[in-house]
Each structure stands twice: as structure tokens, then as C-alpha cells.
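**Q** I'd like to go over a predicted model; first the sequence, then the structure.
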Amino acid sequence: MRRGINCTSFKRKAKVLIALLPAIAGTLLLFLFSVPASAQWTGLRVQGQQIVDQNGNNVILKGFGTGEMYNTEAYMLEWPDGGNGQALWYYGDTRIHETITTLAGSTVDQQFTSQWEANMLTDADVATWASWGVNSIRFSINYHWLSPQNGVYLNSGWAKIDNFIALCKKHNIKVILCMHAAPGGQNPELMSDTPDGAPHLWTEPTVYQPWTIDLWQAIAQRYANEPAVAGYDLLDEPLLSEKKPVSGGSTVRTFYVSVTGAIRAVDQNHIIFACGTNWCGSPAGVKAILPLWDNNMVLVFHKYWDTNNLASIQGYLNIRTQNNVPIWNGETGENTNAWAQGMSTLLDANNIGWSWWTIKKVNGPAGKGGNTTQPYVISEPPKYSEVLNYVKTFGTGTPPSQSDATSIFLTLEANAATSKCSFNSGLITALFAH
């Protein structure tokens, strides 16, 4: 005879099962994050304190960042940047193009943008990088040209990334995709393209964090099976407060965990690169985002204007050892060739990769010179001082005539072609020939 169901017992068991569902889900998620990358994966991965290739060989990532191409910062054009005032945030990429539009018109800005990007990146350029010894490039993403609204993605934006990856893949160069300007801005400075000097990713988290998480998931889904992509650098220099730059580590870490979860839902292969607080420029800033939350991740630091001795990196080495995780110098440079040689020699000896910032910048008499810390120098156009004088007033001064502005900006983009740039061969020798 079939036994009846004990309703009381059934309800009790159902309640227990429901109560356990979050824990079960968490366990399953942890399991998914813990499994190794697919056996078919031919890209890079983390193994202990090393980044390795598909055969387990140690890989030291060496190369450049491409900020000047798709997320131009003021100083790259000799425009105002730095200090503690308006110049610290005013001329991000968006306002640079707004200024070109104001001075020369939207058609000229569109032409400038198209030709600037075309002249910055050719197959011959990437082949040259490879001949120097470059094996990786940190590619700067600005959300404006990829996802101007949450859930909206521009084919023209995807084309920028697709083309860049394809050219690098042809020449055996890995690409680290970096969110250099996240929705709302991840720091209060111009590199994040903040509109007003506020880091809205943190001050308005309900608006901008879901957007950024969705954006990263879309990127990961598109490139999940692309071994030419080394991984995802989640944010460039996250910073909640300039007055307390190390602060906010738990907030940044919580966000990183959410982004990583969204990425891992569609991509179990690629390395997660995570930058610390304090402009990513101190061991304290890196420690602020610990403990680790993924088994295929690299901790990122930035190294500028210090002494190239063991003491300058000892804090990072300690973090690497204590957490059994690779570390990577995701941004460095803006210094002399001698400093560059010291940096690369020091980091190479300690199995740390690096990415020099950047490849091309404008330099000339109107800007008083000194902007020569890249492989290539873009020459100023005639009358460029008229533009520089105007932007120094943040748009309140006397502008050049529209015809002059048009000539200036179209000449500037033409000067960005490598064949028209001055070449700093000593920097390449300093970085790679030792």
C-alpha cells in the first residue's frame, strides 16, 4: 500500500532547503571560480606567483599603454594638467573633443578623431613594437565611445577594440583591456574623464556601478575565447578621495568582486588585473583591496618618479610572496631614458612585467618643451600657441579664428603619423636592450 505524504515533515524539509539555497548557490559559485581554465585554453593564465603561457612557461609582460589613442589626456597635447585646481580634472578626453568642436566645428572634430586614431595605429607600427621586444599592450577604454548608455553598445566602439586586438595578434602581442574611463569616472581626475572633478562611480553607485559591471560582462563575453587578450584591467587608478587616497579599499574591493562575478559568468579563462587605491602607487593601496577573490588574478601597481632600487618595490614583493599572486607594473614612465633603464632592469630581475606610459605625445616650443618621455614626439603645428593660450584659460580667453583652429587641428592629427614623429631611440634601448 502506498504511504501518504507527511505534510508537516515535508514543509519543514522545504523550509530547510530554501534556507540553504543561498549557501548552496555560494558554494557552486565558489566552485566555478576555483576550477582551472579550460584545458583547451591557449592564452595566458596565473600559476602561483607567475603569469604563464599554455605550456606553463613564465611570461614577463613588457610593453606600453596607449592612452593617447582612445582616451587622450591634456598633458599629451601640452594642455593644462596637474596641480590642485581645475586643471587636475578639466581636460579629459570628452572635453578635449568638445573644445575642438567649439574652436573648429563638429565636422573638424570628427575628421581630427578619425585621422588621429588612424595615424596612431597602423600594421607597420605594431610590427615595429614587436621588433623592439614588446609582448603586451595595455589598451585604454573610454566608456563614451563604447557604451554611451547602460546596455547600449556602439559597433564603432567594438571596431576599435577588434581592430587593435587583430593587429596585435598578428604580431604576437598580447592585449590587456583596461577600463581607463569608467561610467561616471572612477577617480576625480582627468584620466577617468570625469565631467566635474567628482568620481561618480563611487558617489552615485546605484547609477554607475551596474552600468560598469554590465559593460565589463559585455566585453568579457565578446572576447572570452580570444587568447590574444591577456586579461582585464578592471579600473585604472580607482580613487574615492584625493585627500585620503588610500581610503576606500573595501568599497573598491566589493565592486571588483561584483565585476569579477559578472565576468566569470561568461569567461572563465582570462586573467583579472586589479589596481589598488592611492593611484595604484603604493603597497598600502594594493593591500587595501586584499584579500584575493579569484584564483586567476594579478595585483597591479603603478611606478612613477621614484628611485630604482629594491626598496622601491620591496612592499610589492612582500605582497606577492604573502598572497602567492603575480604582481605587474601596469603603468610607469614619464621619466628619463636612464630612469627607464633602471626601472626595466630592476623589474626584470624580480620577474615583474611593466607597461610604459605612453607611445606618443606632443612636444614643442609653444609648450616650452620637456614632453619627450615617449618613443615618439608629435611636432606642434604652426600657431599652436594660440590654442594653448586659449585652453590655459579654460575656455574664457581669446580663441584662434575658426580657420586657424581648423588648420591647427588637422595639421596636428597629420603630425601624429609615425613617419612625421621624432623617434626617441634611446628609450627603446633603455627599456629592451639589456
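**A** Done, it's in.
**Q** the bottom helix or strand of the protein by mean pLDDT?
**A** Ranked by mean pLDDT, DSSP states H and E, the weakest helix or strand in the chain is helix 7-34, scoring a mean of 37.
**Q** Please pull up the helix or strand immediately following it.
**A** Of the helices and strands lying after helix 7-34 in sequence (DSSP states H and E), the nearest is strand 45-47.
**Q** Lys169 and Ala416, how far apart?
**A** 24 Å (Cβ to Cβ, to the nearest Å). C-beta: built from backbone N, CA, C; applies to glycine.
**Q** quick one: which of these two has more around it?
**A** Higher neighbour count among Lys169 and Ala416: Ala416, with 22 against 16, using other Cβ atoms under 10 Å.
**Q** how far does stretch 169-180 sit from the chain's center?
**A** 11 Å (Cα atoms, centre = their mean, to the nearest Å).
**Q** measure that stretch end to end?
**A** End-to-end distance for stretch 169-180: 22 Å, by Cα to Cα, to the nearest Å.
**Q** which SSE is the closest residue to Gln341 other than its chain neighbours in?
**A** Spatially, and ignoring its direct neighbours in sequence, Gln341 is nearest to Ala430 (3.8 Å; Cβ to Cβ, 6 or more residues apart in numbering). Assigning secondary structure by DSSP H and E places Ala430 in helix 425-432.
**Q** cool, and Leu317?
**A** Leu317 is part of helix 310-323 when elements are defined by DSSP H and E.
**Q** Quick check: next helix or strand after that helix?
**A** Where DSSP H and E defines the elements, the next helix or strand beyond helix 310-323 is strand 327-333.
**Q** And for Glu386, the neighbour number?
**A** 19.
**Q** Surely Gln209 and Val257 touch.
**A** No - assessed by Cβ atoms under 8 Å, Gln209 is found out of contact with Val257, at 11.8 Å.
**Q** Give me the buried stretch members for the helix holding Leu317, please.
**A** The neighbour-count check on helix 310-323 (16 or more other Cβ atoms under 10 Å) flags Ile313, Tyr316, Leu317, Ile319, Arg320, Asn323 as buried.
**Q** do the same with stretch 241-257
**A** Buried residues in stretch 241-257 (16+ other Cβ under 10 Å): Pro245, Val246, Ser247, Gly248, Gly249, Thr251, Val252, Arg253, Phe255, Tyr256.
**Q** do stretch 265-283 as well
**A** Buried residues in stretch 265-283, counted by 16+ other Cβ under 10 Å: 267-283.
**Q** Can you get me the start-to-end distance on that stretch?
**A** With Cα to Cα as the measure, what separates the two termini of stretch 265-283 is 30 Å.
**Q** For that stretch, what is the distance to the chain centroid?
**A** Taking Cα atoms, centre = their mean, one finds stretch 265-283 lying 10 Å from the centre of the chain it belongs to.
**Q** Could you do stretch 68-86 as well?
**A** For stretch 68-86, the distance to the chain centre is 16 Å (Cα atoms, centre = their mean).
**Q** Let the chain start at 884 from now.
**A** New numbering, starting at 884: the last item is stretch 951-969.
**Q** end-to-end on that stretch?
**A** 21 Å.
**Q** Looking at it now, give me its mean pLDDT.
**A** Across stretch 951-969, the average pLDDT comes to 92.
**Q** just for the stretch 1134-1283 of the chain, where's the confidence low?
**A** Within the stretch 1134-1283 of the chain, no stretch has pLDDT under 70.
**Q** Helices along that one, start to end?
**A** Per DSSP state H, counting those that start in this stretch, the stretch 1134-1283 of the chain carries helices over the ranges 1166-1170, 1193-1206, 1220-1232, 1267-1274.
**Q** got it, and the stretch 934-1083 of the chain?
**A** Ranges of helices within the stretch 934-1083 of the chain are 950-953, 976-987, 989-1003, 1006-1015, 1026-1029, 1038-1053, 1083-1086, based on DSSP H, counting those that start in this stretch.
**Q** so which of those helices gets nearest Thr1255?
**A** Closest approach to Thr1255 among these (Cβ to Cβ): helix 950-953, 14.0 Å.
**Q** Next, count neighbours for the closest residue to Gly1213 other than its chain neighbours.
**A** What sits nearest to Gly1213 in space, not counting adjacent residues and going by Cβ to Cβ, 6+ apart, is Val1183, at 4.2 Å. Val1183 has 29 neighbouring residues, counting by other Cβ under 10 Å.
**Q** cool, Ser1286 as well?
**A** Using other Cβ under 10 Å, Ser1286 is surrounded by 9 other residues.
**Q** Repeat that for the one 5 residues further on.
**A** Ile1291 sits with 23 neighbouring residues when counted by other Cβ under 10 Å.
**Q** these two touch, right, it and Asn1272?
**A** No - counting by Cβ under 8 Å, Ile1291 does not reach Asn1272; the two are 12.0 Å apart.
**Q** quick one, what contacts the closest residue in space to Met1180 that isn't next to it in sequence?
**A** Computed as Cβ to Cβ, 6+ apart, the closest residue to Met1180 that is not its neighbour in sequence is Ile1155, at 4.1 Å. By Cβ atoms under 8 Å, 6 or more residues apart in numbering, the residues touching Ile1155 are Gly1114, Tyr1115, Leu1117, Tyr1139, Thr1143, Ile1146, Asp1177, Asn1179, Met1180, Val1181.
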